[in-house]
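Colleague: give me a model of this one.
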Amino acid sequence: MEPIFLTPYFRPKIWGGCKLQTIFNYDIPTGKVGEAWIISGYKDDASLVSQGALKGQTLRQVYQEHPELFGNPEEKEFPLLVKFLDANDNLSVQVHPDDGYAKKVEHDSGKTESWYVLQADPGSYLIYGHTAKTRQELADMIHQGQWDKLLRKVPVKAGDFFYVPAGTIHALTKGIMVIETQQSSDVTYRLYDYDRVDEKTGKTRQLHTQKSIDVTTVPHVDPQVSVQITNEQDATIKTLVEPPLSPHFYLWQIDLEGQWQTSLNSHPYLLASIIAGSGQLQVGEQSYALKVGTNFIIPNQMKEFSFIGKMKIVMSAPAK
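Modeller: Okay, the predicted model is just below:
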């Protein structure tokens with residue numbers, strides 16, 4: 001009957017910075033840290049339970065040894081992954097495969113993801129989609145290095161939301177911070193990396209040109225995202241994406257000023273991250289302090305609970 005609070009797993013990246021420390025007060029490793037895997041059950045990169053009876057165990061271990069906490073799911077691996085990303089420089093231009101291709105070629109899940117923008121410097125933009133009409137045109141433009149002609153640039157500001165289905169060419173660029181909710185997978189095909197040289201190796205990073213061409217959706221079509229806004233008590237709830245558009249997860253962003261008493265409804269469990277503000281999670285007579293950067297799972301046994309305070313929350317649930 002207690003929430004599962006988690007400690008992030010940090011990943012250094014050549015494009016990373018230090019905002020994960022300055023904004024969330026995380027004790028990040030020295031150097032450029034680009035990613036905090038804040039709710040992760042992925043292989044050796046799983047988050048650790050930070051308190052309670054399960055303290056010190058990985059989320060992967062808890063999911064496999066205590067399936068009752070997650071509604072006794074059929075899936076053997078925790079299906080979702082939530083990250084904070086700090087783009088202190090441009091990320092490589094990437095594309096991810098769908099489940100069918102990933103399982104056949106990489107023996108892993110595909111990777112559909114989404115971004116809720118936390119911060120964006122003035123003039124920031126995303127790489128999102130491409131202009132090629134056929135796969136042959138896509139291949140020709142890639143091999144000829146016609147990146148300015150091929151890649152779509154989309155202006156971005158804090159509060160924007162992007163759904164990024166597998167097969168979508170995409171990249172964050174310098175000055176953007178997001179919370180990313182995705183399938184639990186790390187299969188990434190790097191299409192273009194600005195000819196950068198890795199400081200540690202002195203070499204350019206590996207590209208996956210042919211695989212990128214194989215899995216890219218052609219032509220690109222923007223998904224028909226329609227954010228729905230509802231009000232419950234002192235909470236404004238934005239449904240960012242849900243089935244059938246998103247076959248892998250539900251995603252909400254909640255603005256709270258006061259109290260919001262709610263429940264699991266039909267979901268087996270919920271993933272939650274505090275992206276601004278502070279408050280409490282009330283479960284029966286027990287109260288848990290919440291602050292910016294707190295990440296936790298509301299397990300299957302916790303049917304009813306309340307959020308109290310002034311804060312912004314990003315919450316998700318598996319769609320299966």
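
Colleague: where along the stretch 201-320 of the chain do the strands fall?
Modeller: With DSSP state E, counting those that start in this stretch, the ranges of strands along the stretch 201-320 of the chain come out as 228-232, 235-241, 249-263, 270-283, 286-291, 295-298, 304-318.

Colleague: and the third one, what does it pack against?
Modeller: By that I understand strand 249-263. Here strand 249-263 is seen to pack against strand 113-120, strand 176-183, strand 235-241, strand 304-318 when contacts are counted using 3 or more C-beta pairs under 8 Å, 6 or more residues apart in numbering; DSSP states H and E. Heads up, the C-betas are built off the backbone N, CA and C, glycines and all.

Colleague: before we move on, back to that, right, so the strands of the stretch 201-320 of the chain: which one is the most enclosed?
Modeller: strand 295-298 (a mean of 25; mean count of other C-beta atoms under 10 Å).

Colleague: list the contacts of it.
Modeller: Applying C-beta atoms under 8 Å, 6 or more residues apart in numbering, the contact partners of strand 295-298 are 3-6, 8, 38-39, 47, 59, 82, 264, 269-274, 281, 305.

Colleague: looking at the strands of the stretch 201-320 of the chain, which is closest to His107?
Modeller: Put simply, out of the strands of the stretch 201-320 of the chain the one that sits nearest His107 is strand 304-318, at 21.2 Å, with distance taken as C-beta to C-beta.

Colleague: give the pairing partners of the closest one; include direction for each.
Modeller: Sheet pairing of strand 304-318 (DSSP bridges) gives strand 249-263 (antiparallel), strand 270-283 (antiparallel).

Colleague: where does the stretch 51-200 of the chain dip in pLDDT?
Modeller: Counting by pLDDT under 70, the stretch 51-200 of the chain shows no low-confidence range.

Colleague: try it again with 80
Modeller: Applying pLDDT under 80 to the stretch 51-200 of the chain flags residues 198-200.

Colleague: so for the nearest residue to Thr294 once chain neighbours are set aside, what's the pLDDT?
Modeller: Taking C-beta to C-beta, 6 or more residues apart in numbering, and ignoring the residues beside it in sequence, Thr294 has Ile274 as its nearest neighbour in space, at 4.6 Å. Reading off the per-residue confidence, Ile274 sits at a pLDDT of 98.

Colleague: what sits against Ile274?
Modeller: By C-beta under 8 Å, 6+ apart, the contact list for Ile274 reads 290-295, 311-313.

Colleague: any idea how far it lies from Asp98?
Modeller: Using C-beta to C-beta, to the nearest Å, one obtains 32 Å as the distance from Ile274 to Asp98.

Colleague: quick one, phi psi at Lys43?
Modeller: Torsion angles at Lys43 (phi, psi; degrees, to the nearest 10) stand at phi 40, psi -130.

Colleague: please read off the pLDDT at it from the model.
Modeller: 92.

Colleague: can you give me the helices in this protein?
Modeller: Listed from the start of the chain, the chain has helices (DSSP state H) covering 19-22, 59-65, 99-105, 135-143, 147-150, 209-215.

Colleague: would you reformat the ones you listed as TSV and include mean neighbour count?
Modeller: As requested, those are arranged in TSV below (neighbours: other C-beta atoms under 10 Å):
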stretch	mean neighbour count
helix 19-22	18
helix 59-65	18
helix 99-105	15
helix 135-143	16
helix 147-150	14
helix 209-215	18
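
Colleague: nearest to Trp252 among those helices would be which one?
Modeller: Trp252 lies closest to helix 59-65 among the helices of the chain, at 20.5 Å (C-beta to C-beta).

Colleague: which secondary structure elements does that closest one sit against?
Modeller: Where contact means 3+ C-beta pairs under 8 Å, 6+ apart, helix 59-65 is packed against strand 4-7, strand 48-49.

Colleague: so which of those is the most surrounded?
Modeller: Taking mean count of other C-beta under 10 Å as the contact definition, the stretch among the helices and strands packed on helix 59-65 with the greatest mean neighbour count is strand 4-7, which reaches a mean of 23.

Colleague: who does that strand pair up with?
Modeller: Each strand pairing with strand 4-7, determined using DSSP bridges, is listed with its direction: strand 48-49 (antiparallel), strand 295-298 (antiparallel).

Colleague: so which residues make contact with that strand?
Modeller: The contact list for strand 4-7, computed with C-beta under 8 Å, 6+ apart, reads 38-39, 47-52, 54, 59, 62, 69, 288, 294-297, 299.

Colleague: chain center to it, what's the gap?
Modeller: Between the centre of strand 4-7 and the centre of its chain there are 16 Å (C-alpha atoms, centre = their mean, to the nearest Å).

Colleague: could I get the contacting residues of Gln21?
Modeller: When the contact criterion is C-beta under 8 Å, 6+ apart, the partners of Gln21 are 27-28, 33.
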